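Visitor: Pasted the sequence and its predicted model underneath.
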Amino acid sequence: MGFGKIEIILLIVLVIILLFVGARKLPELARGIGQSAKELKKGFSDGLPEEPEAKKKSAATAKKK
């Protein structure tokens with residue numbers, strides 16, 4: 001089969017990162033990237049707009065006051 005352009009580029013990028021960061025720091029770097037991705041997903045889910053049913057309920061309670 002062989003490698004495509006994307007696979008070769010990813011391999012080169014990984015080798016460059018390994019050279020700059022070092023083998024000992026690589027797991028720590030990967031862990032940090034994973035935590036950042038988790039926080040990003042959490043931030044996006046927290047920022048979602050309310051569901052229409054929840055808005056209707058809150059509007060109904062506001063009218064009663």
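Guide: That came through, no problem. Residues are numbered from 1 along each chain as shown.
Visitor: which residues sit against stretch 27-38?
Guide: Ile17, Val21 (C-beta atoms under 8 Å, 6 or more residues apart in numbering). C-beta coordinates here come from the backbone N, C-alpha and C atoms, glycine included.
Visitor: what about Ile9, which SS state?
Guide: At Ile9, secondary structure determined by DSSP: H, G, I helix; E, B strand; the rest coil is helix.
Visitor: what about stretch 12-28, how long is it end to end?
Guide: 20 Å (C-alpha to C-alpha, to the nearest Å).
Visitor: make that stretch 17-26, sorry
Guide: Terminal-residue distance, stretch 17-26 (C-alpha to C-alpha): 8 Å.
Visitor: Scan the helices and strands of the protein for the one with the lowest mean pLDDT.
Guide: In the chain, no helix or strand scores lower on mean pLDDT, DSSP states H and E than helix 52-64, which sits at a mean of 57.
Visitor: How about the secondary structure of the most centrally placed residue in the chain?
Guide: When C-alpha atoms, centre = their mean is applied to the chain, the residue found nearest the centroid is Ala37 (2.9 Å). Going by three-state DSSP, the secondary structure assigned to Ala37 is helix.
Visitor: Look up how far Leu11 lies from it.
Guide: 22 Å (C-beta to C-beta, to the nearest Å).
Visitor: In terms of pLDDT, where does the residue nearest to the centre of the chain sit?
Guide: At Ala37, the predicted lDDT confidence score is 92.
Visitor: mind checking how far it is from Ala23?
Guide: Taking C-beta to C-beta, one finds Ala37 at 22 Å from Ala23.
Visitor: Thanks again, I'm all set now.
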